[in-house]
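Novice: coords below, sequence missing:
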């Protein structure tokens with residue numbers, strides 16, 4: 001696998017949340033390319049560079065992932081646990097975007113080394129600050 005690019009991967013199945021994130025990226029004047037996948041299996045395929053995501057020129061490894069926890073087929077936690085088992089992906093920066101404010105989920109995410117845990121829907125100012133901080137480090 002190739003080196004990380006400044007690409008951002010958004011893993012989100014809710015179209016309204018995808019729209020809100022795209023709007024927030026535009027508002028924050030993010031110049032990094034944003035790739036979007038709609039379920040956990042597609043996220044794993046993208047990160048593995050297989051199938052529709054085999055071309056690393058058009059589907060490069062991201063520098064940061066915004067990951068929903070409640071996804072079809074493979075949950076966000078399953079994706080995150082799988083990533084942490086992959087040497088190339090282990091240290092990838094992950095921001096959780098979820099509807100769950102449960103402390104057990106926050107604790108589990110923290111143990112898996114997430115960069116931030118954001119409960120949806122975030123306040124616009126909170127989201128813009130987060131995106132700017134993450135993109136600056138991407």
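Specialist: It's in. Treat the numbers as computed from the prediction; the structure is a model and nothing was measured. Numbering: from 1, shown residues only.

Novice: need the contact partners of the host helix or strand of residue 105.
Specialist: Secondary structure from DSSP states H and E places residue 105 in helix 103-111. Here helix 103-111 makes contact (C-beta atoms under 8 Å, 6 or more residues apart in numbering) with 69, 77, 80, 96, 98, 117. All C-beta spots, glycine's among them, are computed from the backbone N, C-alpha and C.

Novice: could you redo the last one with a cut-off of 7 Å?
Specialist: Here helix 103-111 makes contact (C-beta atoms under 7 Å, 6 or more residues apart in numbering) with 69, 77, 96, 98, 117.

Novice: where do the strands sit along this protein?
Specialist: For the chain, the strands defined by DSSP state E occupy 8-11, 34-37, 64-68, 93-98, 116-119.

Novice: including mean pLDDT, mean neighbour count and distance to residue 26, could these go into JSON lines?
Specialist: Converted to JSON lines, the strands of the chain look like this (pLDDT from 0 to 100; neighbours: other C-beta atoms under 10 Å; distance: least, C-beta to C-beta, whole Å):
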{"stretch": "strand 8-11", "mean pLDDT": "96", "mean neighbour count": "25", "distance to residue 26": "13"}
{"stretch": "strand 34-37", "mean pLDDT": "96", "mean neighbour count": "18", "distance to residue 26": "10"}
{"stretch": "strand 64-68", "mean pLDDT": "95", "mean neighbour count": "26", "distance to residue 26": "15"}
{"stretch": "strand 93-98", "mean pLDDT": "93", "mean neighbour count": "23", "distance to residue 26": "17"}
{"stretch": "strand 116-119", "mean pLDDT": "90", "mean neighbour count": "16", "distance to residue 26": "18"}
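
Novice: reformat the ones you listed as TSV; add distance to residue 52.
Specialist: Output for the strands of the chain, formatted as TSV (distance: least, C-beta to C-beta, whole Å):
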stretch	distance to residue 52
strand 8-11	14
strand 34-37	10
strand 64-68	18
strand 93-98	22
strand 116-119	28
